[in-house]
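**Student:** Predicted coordinates and the sequence they were generated for:
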Amino acid sequence: MEHKSFFYYGYDKETYIDCLDMIRLYNRKNAIIMNAWFFVVNLLYVVFSSFNLFGVTVEQTPFYATYTIISIIYALIMFFFQKETERNSTVFVYILMAGMYTYGVLKSIMHPYMPAIMYLTMYLLINLLFIGNVIRVYLLAIFSTLTFLYTSFLLKTFSIAYHDMYNVFMTMLLAGGLHYMFQRERLGQFVMYKKNLEIQRELEIKSSFDSLTDLLSRGRFFSIAEKVLLAMEKDEYVAVCILDLDGFKQINDKLGHQMGDKVIQTTGKIIVDVVDEKKLFKTERMTSLWDLKMPYSIAGRLGGDEFIILMRGKKSKDEVSPLLQNMLDRLNSVRFDSFDGIHASFGVTQIIDGETDMDGAYSRADSALYESKREGKNRIKFYEDIKEDIKGAGEEKR
């Protein structure tokens, strides 16, 4: 085993640092639990000492009361400064560990006529609960143990101090081994969790994007689009465009599916280029409110030869229309191999104030697309321009 890997429970430093956020959360949670236990123990001692119960005298009340107050202060700091204590949890954990060891030593001094029990209990709990740098944890434990043994031989009879030395050495061997094994296992769980997150993220990316075009998948497009509708500003102009390639079946039949895939890929690239990739929202992650309020457009592939765009950042139809015409012109000018131009029909509609889902807008854009096909294809139709003509017309298959 490499020397540096021993410091980090058999893992390299990079792996340890990669899991540091989870280690901090784990240590902070255990620090809160340990402090709560410590508070209860000292509170009980305060009660016992107040009534001289179980050999705890009233003279010891200030000692236990002081540590009760300290545990309350520690709990309040952890509660009211959650982010700070989480970010600096290592510091707060070492403070708690040092405080616990000190408490155990002082408890031993308070009872010079009997072997120490509380120090051993503290020692075992600390080594089982907290993840840190192995060497630092061991050094702190050794330093506190040497202090404990020094005070024990200084203030207790030799026979009792000898028992303390034997007990603490046995506890050190047990706790040291358990600390390394337990925390190595815990770190391994963190590493596995990280790997599972990466796998989940990769699967999410695959399910969020169309493999041919890198545009959003159908489900992801509608998921983000409906969030946009909820977050968009009042009176903001937003257009929905459905784009369907004309004669795509013939392309596949005559030129082959490989050529069909190339046409689909080229169409996706032109959509991204014309809408402007810098203003095109492309992510698999959940969007923040800030992202949703930014004037990012989104584009997706609905399946087959059909695409959809949610266009933002334009003030009116007069600004959207030239953009879509440019897109159509670029599609028509595509030339490769024996292929001469990509022809497409567009159906466009405006999002109505108050719409909170895509159903209505999709239906209107689809109706406009139908009219575009009906009038000869390879053209752009706005629902708002033709709604009187198509009023009452049923949906038909293209």
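**Tutor:** Sure thing, it's come through.
**Student:** drop to CA atoms for contacts and neighbour counts, all remaining ones
**Tutor:** Fine.
**Student:** got a list of contacts for stretch 326-340?
**Tutor:** Stretch 326-340 has contacts (CA atoms under 8 Å, 6 or more residues apart in numbering) with 267, 270-271, 274, 341-344, 378-379.
**Student:** now, which of those sits nearest residue 139?
**Tutor:** Ranked by distance to residue 139 (CA to CA), the contacts of stretch 326-340 are led by residue 271 at 62.1 Å.
**Student:** Just the pLDDT for that closest one.
**Tutor:** Residue 271 carries a pLDDT value of 93.
**Student:** Could you find the closest non-adjacent residue to it?
**Tutor:** Distance criterion CA to CA, 6 or more residues apart in numbering; nearest residue to residue 271, sequence neighbours excluded, is residue 327 at 6.8 Å.
**Student:** any idea how far that neighbour lies from residue 276?
**Tutor:** Distance, residue 327 to residue 276, by CA to CA, to the nearest Å: 11 Å.
**Student:** If you count surrounding residues, which of those two has more?
**Tutor:** The neighbour count for residue 327 versus residue 276, taken as other CA atoms under 10 Å, is higher for residue 327 (19 against 12).
**Student:** In the stretch 251-398 of the chain, where is pLDDT below threshold?
**Tutor:** 277-292, 387-398 (pLDDT under 70).
**Student:** run the last query once more with 90
**Tutor:** Counting by pLDDT under 90, the stretch 251-398 of the chain contains low-confidence ranges at 251-260, 273, 275-298, 303-304, 312-316, 335-341, 352-357, 384-398.
**Student:** next one: the stretch 51-200 of the chain
**Tutor:** 51-57, 82-91, 94, 111-114, 122, 127-137, 140, 197-200.
**Student:** And the helices in it?
**Tutor:** 61-80, 82-87, 89-110, 118-129, 134-155, 158-208 (DSSP state H, counting those that start in this stretch).
**Student:** Report the buried residues of the shortest one.
**Tutor:** In this case it means helix 82-87. Buried residues in helix 82-87, defined by neighbour count with 16 or more other CA atoms under 10 Å: 85-86.
**Student:** about what we covered before: any idea which helix or strand comes after the helix or strand hosting the residue nearest to residue 271?
**Tutor:** Per DSSP states H and E: residue 327 is located in helix 317-332. Following helix 317-332 in sequence order, the next helix or strand is strand 335-336 (DSSP H and E).
**Student:** Give me the next element, helix or strand, following that next one.
**Tutor:** strand 339-340.
**Student:** Tell me which helix or strand comes right after that following strand, heading toward the C-terminus.
**Tutor:** Moving toward the C-terminus from strand 339-340, the next helix or strand (DSSP H and E) is strand 344-350.
**Student:** now that following strand, how far from the chain's geometric center?
**Tutor:** Relative to its chain's centre, strand 344-350 lies at 37 Å (CA atoms, centre = their mean, to the nearest Å).
**Student:** sorry, back to before: need the helices of the stretch 51-200 of the chain in CSV with distance to residue 372, can you?
**Tutor:** CSV is the format used below for these (distance: least, CA to CA, whole Å):
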stretch, distance to residue 372
helix 61-80, 62
helix 82-87, 56
helix 89-110, 63
helix 118-129, 68
helix 134-155, 71
helix 158-208, 29
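**Student:** Please list all residues in contact with residue 315.
**Tutor:** Contacts of residue 315 by CA under 8 Å, 6+ apart are 236-237.
**Student:** where's it, which helix or strand?
**Tutor:** Counting by DSSP H and E, residue 315 is found in no helix or strand.
**Student:** Is residue 235 part of a helix or strand, or is it coil?
**Tutor:** With DSSP: H, G, I helix; E, B strand; the rest coil as the basis, the three-state label of residue 235 is coil.
**Student:** Now for it: which residues touch it?
**Tutor:** With the criterion set at CA under 8 Å, 6+ apart, residue 235 makes contact with residue 353.
**Student:** Now the phi/psi pair for residue 245, please.
**Tutor:** Backbone torsions of residue 245, given as degrees, to the nearest 10, read phi -70, psi 140.
**Student:** What distance do you get for it to residue 314?
**Tutor:** 25 Å.
**Student:** out of these two, which sits in the more crowded spot?
**Tutor:** residue 245 (21 against 16).
**Student:** what bridges to that one?
**Tutor:** Beta-bridge pairing for residue 245 (DSSP bridges): residue 344.
**Student:** I'd assumed residue 341 was in contact with it.
**Tutor:** No - counting by CA atoms under 8 Å, residue 245 sits too far from residue 341 to count as a contact (10.9 Å).
**Student:** Now residue 30. Nearest residue, chain neighbours left out?
**Tutor:** residue 129 (6.3 Å).
**Student:** was I right about that neighbour contacting residue 29?
**Tutor:** No - under the criterion of CA under 8 Å, residue 129 makes no contact with residue 29, lying 9.7 Å away.
**Student:** which neighbours do the two share?
**Tutor:** Residues touching both residue 129 and residue 29 by CA under 8 Å, 6+ apart: none at all.
**Student:** how about the strands in the stretch 251-398 of the chain?
**Tutor:** Taking DSSP state E, counting those that start in this stretch to define them, one finds strands in the stretch 251-398 of the chain at 298-303, 306-311, 335-336, 339-340, 344-350, 380-382.
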